[in-house]
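> what's the 3D shape of this:
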Amino acid sequence: MPYTISFVIRKRQQLDSLNELPKEKRPPDLMFWDGTPEELESWLDNVFKKNKDPISNIVIDNVEG
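Take a look at the predicted model:
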């Protein structure tokens, strides 16, 4: 019984943290409930790597002319 309660608490914490993401970046429900932690982590890595902010790659040259 304690393992079940622990599992439910951890899943609830995961669900709450994923619900803070925008809807287009959240994993599908089937992956969340039936997938492995590795699949979920891989999916989130792919989503955030594809949606990097292009402004963060701008280099400003500090040369006066």
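
> Helix or strand: which one has the residue nearest the centre of the chain?
The chain has L44 as the residue nearest its centroid, 4.1 Å off, counting by CA atoms, centre = their mean. Assigned by DSSP states H and E, L44 belongs to helix 37-50.

> got the residue ranges for the helices in this structure?
Taking DSSP state H, the helices of the chain run over residues 2-18, 29-34, 37-50.

> And D45, how far from E38?
In this view, D45 and E38 are 10 Å apart by CB to CB, to the nearest Å. (C-beta placed from N, C-alpha, C; glycine too.)

> Name the nearest residue to the residue nearest to the centre of the chain, sequence neighbours excluded.
P27 (6.8 Å; CB to CB, 6 or more residues apart in numbering).

> so the one you found touches L40, yeah?
Yes: at 5.9 Å, P27 counts as touching L40 under the criterion of CB atoms under 8 Å.

> any residues in contact with both of these two?
Contact criterion CB atoms under 8 Å, 6 or more residues apart in numbering; residues shared by P27 and L40: none found.

> Tell me where the model's unsure across this structure.
Applying pLDDT under 70 to the chain flags residues 50-65.

> circling back to that earlier point, between the helix holding L44 and helix 2-18, how many degrees?
Counting by axes from the mean of the first three to the mean of the last three CA atoms, to 10 degrees, helix 37-50 points 10 degrees away from the direction of helix 2-18.

> on contacts alone, who are the packing partners of helix 37-50?
Applying 3 or more CB pairs under 8 Å, 6 or more residues apart in numbering; DSSP states H and E, one finds that helix 37-50 makes contact with helix 29-34.

> buried set for the helix it packs on?
By neighbour count on 16 or more other CB atoms under 10 Å, the buried set for helix 29-34 is F32.

> From M1, how far off is the residue nearest to the centre of the chain?
The gap separating L44 from M1 is 31 Å, by CB to CB.
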